[in-house]
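**Q** Give me a model of this one.
(one chain, ligands or ions: 1)
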Amino acid sequence: MSTSPHSWRQYLGVFRYSRRAIELVWQTSRALTFILAIATLVAGLLPAAAAWVGQLIVDGVVAAIEADAGIPERLLWLVALEGGIIAGIAGGQRAIQTVQSLLRAQLGQRVNVMILEKAQTLQLADFEDSEFYDKLTRARREASSRPLSLVNRTFGLIQNGLSLASFAGLLFAFSPWAVAILVLAGLPQFFSEAKFSGDAFRLFRWRSPDTRQQMYLETVLAREDSAKEVKLFQLGPLLLQRYRDIFERLYREDRSLTLRRDLWGFGLGLIATLAFYATYAWIVMSTVAGAITLGQMTMYLAVFRQGQSAVSASLTAISGMYEDNLYLSNLYEYLEQPVSTGTGEATTGAIPNDGLRFEGVSFRYPGSEQFALESIDLHLAPGQTLALVGANGSGKTTLIKLLAGLYTPSAGCIRLDGTDLRDWDSTTLRQRIGIIFQDFMRYQLPVGENIGAGDVTHFQDEARWQQAARQGLADAFIEEIPGGYHAQLGRWFKDGRELSGGQWQKIAVARAFMREEADVLVLDEPTAAMDAAAEAEIFAHFRELTRDRMAILISHRFSTVRMADEIAVIDGGRIIERGSHDSLLAREGQYAHLFQLQAAGYQ
Ligand SMILES: Nc1ncnc2c1ncn2[C@@H]1O[C@H](COP(=O)(O)OP(=O)(O)OP(=O)(O)O)[C@@H](O)[C@H]1O
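**A** Next up, the predicted model:
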């Protein structure tokens, strides 16, 4: 094994997150960390003391036999002391276990809260970045066990290290050479364990895309929301085979690493055992030769036995540490992901009542070559309704995402009342804009709260739920559900019920109507699953209720779209036509063409 500085660092890399794990525990509970440290110290140092008192007892016994003058009182005190020390060790170990149990819950909660708090500060783009999303899911998965495990192992190592050092201290009196032999014999095994742990760490990190695939397949194969399609399309065997193939490939790598690691571990362990027993023989011979007393021999033998188990406990701890490191490296990468916090502070616009303006807005999704939107210019005054029309993928939803501030334009700017969205205080802005997307959330919460989600300040306001439900045409069916507004939705919880696609959409529209104070309201096709009559009625309502506000709606149904004051036709990320329904029909362009196609469908 080479000893260049680089590889030293590589070997010691197994401890790279120990400091951070201990910091984490320290911040979680100083008192418990302190007790843990003291208990570790006690459990680490007392075994050597026990061996030493054991030596005094044996020598005392030998001396008493030789003197033949009864049982000296000192000997009994020594036995009592030995008993006390053993009780101390047991107490230390028990304290370590108790503290660990208490810390487990607290630390798990703390790490989970850290992960979830961080998630609140992230941009939508972060969630869409597969690497990053993977870090988040992995960070959450083992949040309650890994940090503590690393702390336990680190403290375990310290405890065993202290025991070994104190044993070495005792052995030093016999011969410094014996200490040197034991240390040197143990080092190769220590480094080999550290090296292979480091290798495993790198291997596992590098293969994370594969494990992600595996996890995804597991999810698809075993979740209620995918079960329907997997069964119908008989995808099960095919996906399962893929799952098996990934496992086989990963297993081959694992096997090779495990075999190498264990062979080296065994070989180097043998050297250590040989050295141990050679020293053992040396001690036995020295006792027979009279160089050391019988008591000293008893002590050294105890030191040997316990030393061996301390060494093997340390090696086990090290080999387990790579997994903990893997977890913590992932956790800290996630927690340290830079976030761009909004710097805007404006709570009122520079030109009140100017409405909404898109000025030369272009946008490209992160990692994408193509522009999803290009040179968009729009103006929407208070009281106006704008409909966006365009083929799938033309950029309608993207425009709304920019308006929502979920992404920032690559060029140009969006102004609300004359002030760039970036300069608005983010809370104020969110209150002024209410949006329901086509893939709105179906919360596994009671019906009422599903509606109340539209305005957190009235999340549980029953009167407002009912009013919004009436406006979203959801009241009729809600009243028929047993439990009404308090009925649990979704299948995760007991007695939860499922709604039809159209019913869910009515709930979503009602959610939009909760936002009474918002001056821009957007419905991005949340009505596609409703029948045409219901959609038309909802939009008529929508228009009525947004008379002095700005409203944007996206729909593929022209019967709805024609109600808007202004219609913008988007194609390939650009606005190609705009105007009222009548003026666009008169133009006989794309809009007129699409309108006639759909009208023909109804004849
Ligand atoms: N998160 C994303 N990352 C990268 N590209 C995206 C993302 N979302 C959408 N796109 C791409 O941007 C383009 C515009 O998509 P957008 O969702 O705005 O279309 P749309 O007009 O709303 O379509 P639809 O009528 O199907 O809802 C499409 O080419 C799409 O592939």
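
**Q** E374 - that's part of a strand, no?
**A** Yes: counting by DSSP: H, G, I helix; E, B strand; the rest coil, E374 is located in a strand.

**Q** Surely it touches R364?
**A** No: contact criterion CB atoms under 8 Å: E374 and R364 do not qualify, at 9.2 Å. Glycine gets a C-beta too; all of them are placed from N, C-alpha and C.

**Q** Could you check the pLDDT of the closest residue to the ligand within the stretch 51-200 of the chain?
**A** Relative to the ligand, the nearest point of the stretch 51-200 of the chain is E128 (4.9 Å; CB to the nearest ligand atom). On the pLDDT scale, E128 is placed at 76.

**Q** ditto for the one 10 residues further on
**A** What the model reports for R138 is a pLDDT of 78.

**Q** which other residues reach the helix or strand containing V389?
**A** Element membership of V389 [criterion: DSSP states H and E] is strand 385-390. Contacts with strand 385-390, where a contact means CB atoms under 8 Å, 6 or more residues apart in numbering, come from 378, 380, 396, 399, 543, 546, 550-556, 558, 560-561, 563-571, 591, 594.

**Q** just the angle between whatever helix or strand comes next after that strand and strand 385-390, please?
**A** As assigned by DSSP H and E, the chain's next helix or strand after strand 385-390 is helix 396-403. Here helix 396-403 points in a direction 130 degrees away from that of strand 385-390 (axes from the mean of the first three to the mean of the last three CA atoms, to 10 degrees).

**Q** List every C-alpha atom in helix 396-403, with coordinates, as PDB.
**A** Output of helix 396-403 as PDB, limited to C-alpha atoms (Å, rounded to 0.1, in the frame of the first residue of the first chain):
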ATOM      1  CA  LYS A 396     -49.100  28.100 -22.600                       C
ATOM      2  CA  THR A 397     -48.400  26.500 -19.200                       C
ATOM      3  CA  THR A 398     -44.800  27.800 -19.400                       C
ATOM      4  CA  LEU A 399     -46.100  31.300 -19.700                       C
ATOM      5  CA  ILE A 400     -48.200  30.800 -16.600                       C
ATOM      6  CA  LYS A 401     -45.300  29.300 -14.700                       C
ATOM      7  CA  LEU A 402     -43.300  32.400 -15.500                       C
ATOM      8  CA  LEU A 403     -46.200  34.600 -14.300                       C
END
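
**Q** Would you pull up how far that helix lies from the middle of the chain?
**A** In terms of CA atoms, centre = their mean, to the nearest Å, the centre of helix 396-403 is found 28 Å from the chain centre.

**Q** Contact residues of the chain facing the ligand?
**A** 128, 365, 368, 372, 390, 392-398 (CB under 6 Å from any ligand atom).

**Q** mind running it again at 5 Å?
**A** Residues of the chain found near the ligand (CB under 5 Å from any ligand atom) are 128, 365, 368, 372, 392-398.

**Q** Would you mind giving me the ChimeraX syntax to select the buried ones in these?
**A** In ChimeraX syntax, the buried subset of the residues of the chain next to the ligand is picked out as below (16 or more other CB atoms under 10 Å):
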select :365,372,394,395,396,397,398
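
**Q** okay if I get the residues of the chain next to the ligand as TSV plus distance to V183?
**A** As requested, the residues of the chain next to the ligand are exported to TSV (distance: CB to CB, whole Å):
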residue	distance to V183
E128	53
Y365	58
S368	58
A372	64
N392	70
G393	68
S394	72
G395	69
K396	71
T397	66
T398	65
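
**Q** Where is pLDDT lowest across the residues of the chain next to the ligand?
**A** Within these, pLDDT is lowest for E128, at 76.

**Q** contacting residues around that residue?
**A** Residues in contact with E128 (CB under 8 Å, 6+ apart) are P366.

**Q** which residues touch L429?
**A** The contact partners of L429, taken as CB under 8 Å, 6+ apart, are 344, 405, 416, 421.

**Q** 10 Å - rerun?
**A** Going by CB atoms under 10 Å, 6 or more residues apart in numbering, L429 touches 342, 344, 346-347, 404-405, 416, 419, 421-423, 520.

**Q** between those residues, which is closest to E218?
**A** Set against E218, the nearest of the contacts of L429 by CB to CB is A404 (32.9 Å).

**Q** Strands of the protein, residue ranges please.
**A** Here the chain has its strands, by DSSP state E, at 356-363, 373-380, 385-390, 411-416, 419-420, 433-436, 520-524, 550-554, 566-571, 574-579.

**Q** on that earlier part again, who does the strand holding V389 pair up with?
**A** Paired with strand 385-390 in the same sheet, following DSSP bridges, are strand 550-554 (parallel), strand 566-571 (parallel).
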